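Enquirer: Got a predicted model here, sequence first, then my questions.
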Amino acid sequence: MIECNNLIEEMLNTERILVKSKKEKYSNSIDINDDDWLDIAKKQKNAFYNENRNIIELISKKLIENFPKYDAIQRNKIINTFSNLENLKSLVSSTNLNDKSSIDWFHEKILFFILNDLGDDTRDALLEIDELKKLSRKNNIDLKNIIKKYLAFANDKNKHGMGSVKSIFNDIISG
């Protein structure tokens with residue numbers, strides 16, 4: 001197990017690398033008046049992710065492996081740090097370490113959901129969890145049991161006035 005403060009330092013170092021990479025290679029302005037501006041933006045984001053894929057996957061694996069082993073205070077430190085690392089948060093949340101139809105992928109996504117702690121907008125988080133529910137039904141995965149496994153790790157803070165991660169999980173479990 002990695003010490004909590006060491007993992008936080010790795011997260012901060014990863015964010016520094018991502019910021020430097022983005023600034024040096026992926027900060028070209030995009031003219032939204034161009035017909036293909038959205039394609040250009042997607043290509044730029046994909047290139048940024050692909051260039052940094054190895055460090056993103058490495059830190060993602062470390063978060064998945066270690067986060068559940070920490071106590072509540074350490075998990076809150078990880079969540080609070082994660083919430084301030086925009087590049088890391090964005091890329092880790094979109095990382096798929098496992099096949100989308102596998103139970104491991106659902107474990108990964110629930111842990112990332114907890115780490116993201118509703119993000120900047122609870123409505124986006126609700127859409128994300130709704131999509132996970134649909135995918136779990138489609139793939140015959142018992143999402144409720146996965147959520148139960150990680151419920152104790154979920155934050156109970158009502159960040160945006162629409163509930164907390166824990167209350168959203170409790171609604172899913174009881175529904």
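Expert: Noted; the coordinates are in hand. Predicted model, so just to flag it, every value in this text is computed and none were measured. Numbers count the residues shown, from 1 in each chain.
Enquirer: could you say which helix or strand contains the residue lying closest to F169 once chain neighbours are set aside?
Expert: Distances taken as C-beta to C-beta, 6 or more residues apart in numbering put I147 closest to F169, at 4.8 Å, once the chain neighbours are dropped. C-beta here means a position set from N, CA and C on the backbone, and glycine is covered the same way. Element membership for I147 (DSSP states H and E) is helix 143-150.
Enquirer: hmm, back to that, next one: the residue nearest to F169 from C4, what distance?
Expert: 24 Å (C-beta to C-beta, to the nearest Å).
Enquirer: out of the two, which sits in the busier spot?
Expert: Comparing I147 with C4 by neighbour count (other C-beta atoms under 10 Å), the higher total belongs to I147, at 24 against 19.
Enquirer: Okay, the more buried one and N54: tell me how far apart.
Expert: 30 Å.
Enquirer: same thing with Y26?
Expert: Y26 is 16 Å from N54, by C-beta to C-beta.
Enquirer: Same question for G161.
Expert: For G161, the distance to N54 (C-beta to C-beta) stands at 39 Å.
Enquirer: same deal with N13?
Expert: Using C-beta to C-beta, we find N13 at a distance of 14 Å from N54.
Enquirer: Between those two, point out the one with more neighbours.
Expert: Neighbours were counted for N13 and for N54 using other C-beta under 10 Å; N13 has more, 12 against 9.
Enquirer: Quick one: list the elements packing against the helix or strand hosting the more buried one.
Expert: Here N13 sits within helix 4-25, counting by DSSP H and E. Contact analysis of helix 4-25 by 3 or more C-beta pairs under 8 Å, 6 or more residues apart in numbering; DSSP states H and E lists helix 37-66, helix 72-83, helix 86-93 as its packing neighbours.
Enquirer: In the least confident helix or strand in the chain by mean pLDDT, which residues are buried?
Expert: Using mean pLDDT, DSSP states H and E, helix 86-93 stands out as the lowest-scoring helix or strand of the chain, at a mean of 86. Using 16 or more other C-beta atoms under 10 Å as the test for burial, helix 86-93 gives N87, L88, K89, S90, L91, V92, S93.
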